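> following is a predicted model, sequence given first.
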Amino acid sequence: MRRFAIMIILFLGVFSAQTGTVTNYIVNTLNDNDDGACDSNHCSLREALDLAQNDSNPVVIEFEAGLMGTILLNSELEIRGDDISVIGPGVDKITLSGQNSNRVLWISYFADNIAVSGLTIANGNSTNATGSTSGAGINARASHLLLEDLRIIDNYNEFLGAGLSYTDGNNAVLRNIEVSGNDSSAYGGVIINGGDGTVLIENMTVSGNSSNNSNGTSGMSIISNPGTTTIVRYLTVAGNINGNGIVVSGNDPTFIDSSIFADNEGTDLIVSSSSPITVNNSVIEVTSSSVSGDNNLIGMDPNLTDLMFMPGAKQQVHAFLNETSIAKNHVDDGVGDAQCGQAVTFDQINMSRPQGAACDAGAYEQYIEDLIFENGFD
């Protein structure tokens with residue numbers, strides 16, 4: 001299993017390999033107008049993205065210090081081009097809203113080496129979108145894609161992956177993301193259907209999403225197509241409504257480690273009989289499938305809280321109701337590819353891993369109170 005960790009390290013190098021001249025744009029307004037210029041007087045995110053797609057240099061788009069609020073989109077934003085990074089100031093600072101009538105973000109087939117971080121993606125609606133109606137929040141098909149430190153919330157469509165749809169691209173990293181409150185006719189929260197290469201999903205909470213089909217998947221669907229290896233670490237899929245939690249299918253390998261599947265209205269984990277999936281170090285409350293792997297707790301309740309903001313955190317997670325949760329300190333780093341304290345040193349909300357003897361399963365690492373201050377200095 002360690003060979004997959006090496007693959008990820010090599011893959012992540014793509015995102016830091018930009019050299020030479022870099023073009024920087026600073027977004028300094030919350031309006032969505034595009035007059036073709038991006039300067040100190042007026043630079044919208046739409047203007048910056050339009051200019052970026054034709055730039056021969058790598059492009060970094062950031063936001064003016066102190067700029068906060070919601071960008072109300074008149075139509076979907078598109079990222080098309082190579083070597084483009086959109087670096088938001090934080091999910092609590094800038095929200096991109098589709099106003100319940102537009103998809104929020106389309107990341108094109110014709111894009112490569114794309115990174116998006118530090119934003120809330122909300123209120124998208126791709127029902128009438130041009131082309132595929134998947135992904136009302138984000139529909140991404142780029143290669144060498146990094147999505148990180150995002151909230152994807154309250155989006156709606158009538159097809160697949162109302163919150164996030166990643167399909168057909170080659171190589172992606174999806175990390176430190178909350179996907180909640182999204183609604184679809186079939187796959188409410190997330191659909192992953194990659195092309196060639198590796199898809200890494202790490203520190204993600206998929207919760208409170210719904211499907212209009214009780215036989216559908218309200219939380220997450222992973223399809224490993226020929227040529228794709230999907231690696232999942234520290235994922236929590238819980239509390240999704242009117243459908244199954246997560247369904248895994250496809251012909252190529254999916255490796256799931258250190259994750260929690262519980263409290264969904266349907267079955268928490270379903271694995272297609274032909275799918276080569278290995279699960280280690282995980283907690284699975286309800287499954288109808290035979291699960292291959294080690295150190296799993298099946299048919300047991302991990303005792304999660306409702307989806308909530310922990311003190312100081314900007315994303316919601318499912319914490320543990322008590323110190324005796326079976327998910328606490330459950331991860332055995334000698335099994336599978338958990339990479340606790342090695343490649344994976346933080347949880348979804350930036351808490352150090354491990355807190356205690358071992359890492360906790362799921363996207364949240366339970367904070368250990370400092371006993372000196374809790375009990376006094378004696």
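Right, received. Where do you want to start?

> after the helix or strand hosting residue 120 comes which helix or strand?
Assigned by DSSP states H and E, residue 120 belongs to strand 105-122. Next helix or strand after strand 105-122 toward the C-terminus (DSSP H and E): strand 138-140.

> what lies in contact with that next one?
103-107, 114, 116, 121, 126, 129, 132, 147, 152, 161, 163-167, 169, 172 (Cβ atoms under 8 Å, 6 or more residues apart in numbering). Placement of C-beta: from N, CA and C, glycine included.

> now that strand: average pLDDT?
What strand 138-140 shows for mean pLDDT is 96.

> now do the helix or strand that comes right after it, average pLDDT.
Of the helices and strands lying after strand 138-140 in sequence (DSSP H and E), the nearest is strand 143-153. In this model, strand 143-153 has an average pLDDT of 97.

> tell me the contacts of the residue lying closest to residue 364 once chain neighbours are set aside?
Spatial nearest neighbour of residue 364, chain neighbours left out: residue 317 (4.1 Å); criterion: Cβ to Cβ, 6 or more residues apart in numbering. Residue 317 is in contact with 178, 205, 236, 307, 308, 310, 347, 348, 349, 363, 364, counting by Cβ under 8 Å, 6+ apart.

> of those, keep whichever come out buried.
178, 205, 236, 307, 310, 347, 348, 349, 363, 364 (16 or more other Cβ atoms under 10 Å).

> is it possible to export those to TSV including pLDDT and distance to residue 276?
Converted to TSV, the buried ones among the contacts of residue 317 look like this (pLDDT from 0 to 100; distance: Cβ to Cβ, whole Å):
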residue	pLDDT	distance to residue 276
178	98	29
205	98	26
236	98	23
307	98	32
310	96	36
347	98	28
348	98	27
349	98	32
363	98	24
364	98	29
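
> any chance of those residues in JSON lines, with secondary structure and distance to residue 156 too?
Shown next, in JSON lines, are the buried ones among the contacts of residue 317 (DSSP: H, G, I helix; E, B strand; the rest coil; distance: Cβ to Cβ, whole Å):
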{"residue": "178", "secondary structure": "strand", "distance to residue 156": "17"}
{"residue": "205", "secondary structure": "strand", "distance to residue 156": "19"}
{"residue": "236", "secondary structure": "strand", "distance to residue 156": "23"}
{"residue": "307", "secondary structure": "coil", "distance to residue 156": "18"}
{"residue": "310", "secondary structure": "coil", "distance to residue 156": "27"}
{"residue": "347", "secondary structure": "coil", "distance to residue 156": "29"}
{"residue": "348", "secondary structure": "coil", "distance to residue 156": "24"}
{"residue": "349", "secondary structure": "coil", "distance to residue 156": "26"}
{"residue": "363", "secondary structure": "coil", "distance to residue 156": "24"}
{"residue": "364", "secondary structure": "coil", "distance to residue 156": "27"}
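
> want to throw those into CSV with distance to residue 66?
Converted to CSV, those look like this (distance: Cβ to Cβ, whole Å):
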residue, distance to residue 66
178, 24
205, 29
236, 33
307, 30
310, 26
347, 29
348, 26
349, 24
363, 30
364, 30
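
> of these, which pair is most distant in space?
The largest separation in the buried ones among the contacts of residue 317, counting by Cβ to Cβ, is between 307 and 347 at 15.1 Å.

> so which residue is smack in the middle of this protein?
Per Cα atoms, centre = their mean, the C-alpha nearest to the average position across the chain is that of residue 177, at 3.9 Å.

> that one contacts residue 150, doesn't it?
Yes - in this structure residue 177 lies within contact range of residue 150 using Cβ atoms under 8 Å: 4.8 Å.

> helix/strand/coil for residue 47?
Judged by DSSP: H, G, I helix; E, B strand; the rest coil, the three-state class of residue 47 is helix.

> how close does the residue lying closest to it once chain neighbours are set aside get to residue 148?
Leaving aside its chain neighbours, residue 47 sits nearest to residue 38 (4.5 Å; criterion: Cβ to Cβ, 6+ apart). Distance from residue 38 to residue 148, counting by Cβ to Cβ, to the nearest Å: 24 Å.

> quick one: which of the two has more around it?
Neighbour totals were compared for residue 38 and residue 148, and residue 38 leads with 23 against 17 (other Cβ atoms under 10 Å).

> partner strands of whichever strand or helix holds residue 255 and their direction?
Assessed by DSSP H and E, residue 255 sits inside strand 254-257. Here strand 254-257 is paired, per DSSP bridges, with strand 228-238 (parallel), strand 277-280 (parallel).

> just how off-centre is whichever helix or strand comes after it within its chain?
Counting by DSSP H and E, the element after strand 254-257 in chain order, helix or strand, is strand 260-262. Taking the mean of its C-alpha atoms, strand 260-262 sits 16 Å from the chain's own mean (Cα atoms, centre = their mean, to the nearest Å).

> try stretch 229-236
Worked out by Cα atoms, centre = their mean, stretch 229-236 lies 10 Å from the chain centre.

> swap in stretch 282-302?
The mean C-alpha position of stretch 282-302 is separated from the chain mean by 22 Å, Cα atoms, centre = their mean.

> now stretch 314-330
Stretch 314-330 has its C-alpha centroid displaced from the chain centroid by 19 Å (Cα atoms, centre = their mean).

> mind saving the C-alpha coords of it as PDB?
Output of stretch 314-330 as PDB, limited to C-alpha atoms (Å, rounded to 0.1, in the frame of the first residue of the first chain):
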ATOM      1  CA  LYS A 314     -14.800  27.700   9.500                       C
ATOM      2  CA  GLN A 315     -16.200  24.300   8.300                       C
ATOM      3  CA  GLN A 316     -18.700  22.000   9.800                       C
ATOM      4  CA  VAL A 317     -17.800  18.400  10.900                       C
ATOM      5  CA  HIS A 318     -19.200  15.500  12.800                       C
ATOM      6  CA  ALA A 319     -17.500  15.300  16.200                       C
ATOM      7  CA  PHE A 320     -17.900  12.500  18.700                       C
ATOM      8  CA  LEU A 321     -20.600  12.500  21.300                       C
ATOM      9  CA  ASN A 322     -18.200  11.200  24.000                       C
ATOM     10  CA  GLU A 323     -14.700  10.100  24.600                       C
ATOM     11  CA  THR A 324     -15.600   6.400  24.200                       C
ATOM     12  CA  SER A 325     -16.500   6.700  20.500                       C
ATOM     13  CA  ILE A 326     -15.200   3.700  18.700                       C
ATOM     14  CA  ALA A 327     -13.800   6.000  16.000                       C
ATOM     15  CA  LYS A 328     -11.400   7.600  18.500                       C
ATOM     16  CA  ASN A 329      -7.800   6.500  18.200                       C
ATOM     17  CA  HIS A 330      -9.000   3.700  15.900                       C
END
